[in-house]
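build the 3D model from these lines:
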Amino acid sequence: MTAGLNNYLVLSAVLFSIGLYGALSRKNAVVVLMCVEIMLNAANLSLVAFSRFVTPVALSGQTVAIFSITAAAAEVAVGLAVVIALYRQRGTVDVNDINLLKW
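Residues are numbered from 1 along each chain as shown. Next comes the predicted model:
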């Protein structure tokens, strides 16, 4: 039995849902960043699956997924730098306690 496009899309939807739930329900900034990464990986999975099953000769989905992974790595580096700076200033990484933009 081989896995079809529907199986990959269901797995992608489950991963995206887990990441969305985690990003909306968690209070730790590092965990929120990890959940955003799970959502990006779910999108990459669906890109590669569509590319594999719709146009197997062209590598367009894989190419976009590689660019997305590169952008996600840059996002994580910047996000972690912001979290570390906030921790040094405030002493916490709780997203409810981070209110720098409030007057």
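
skip the chain neighbours and tell me the closest residue to Leu20.
Closest residue to Leu20 in three dimensions, ignoring its sequence neighbours and counting by Cβ to Cβ, 6 or more residues apart in numbering: Met39, at 6.2 Å. Where C-beta positions appear, they are placed from N, C-alpha and C, glycine not excepted.

name the helix or strand of this protein that has the lowest mean pLDDT.
When each helix and strand of the chain is scored by mean pLDDT, DSSP states H and E, helix 60-90 comes last, with a mean of 90.

burial check on the residue nearest to Asn96 when sequence neighbours are not counted, number of neighbours?
Among residues not flanking Asn96 along the chain, Lys27 sits closest, at 5.8 Å (Cβ to Cβ, 6+ apart). A count of nearby residues for Lys27, using other Cβ atoms under 10 Å, gives 12.

good, we can wrap up now.
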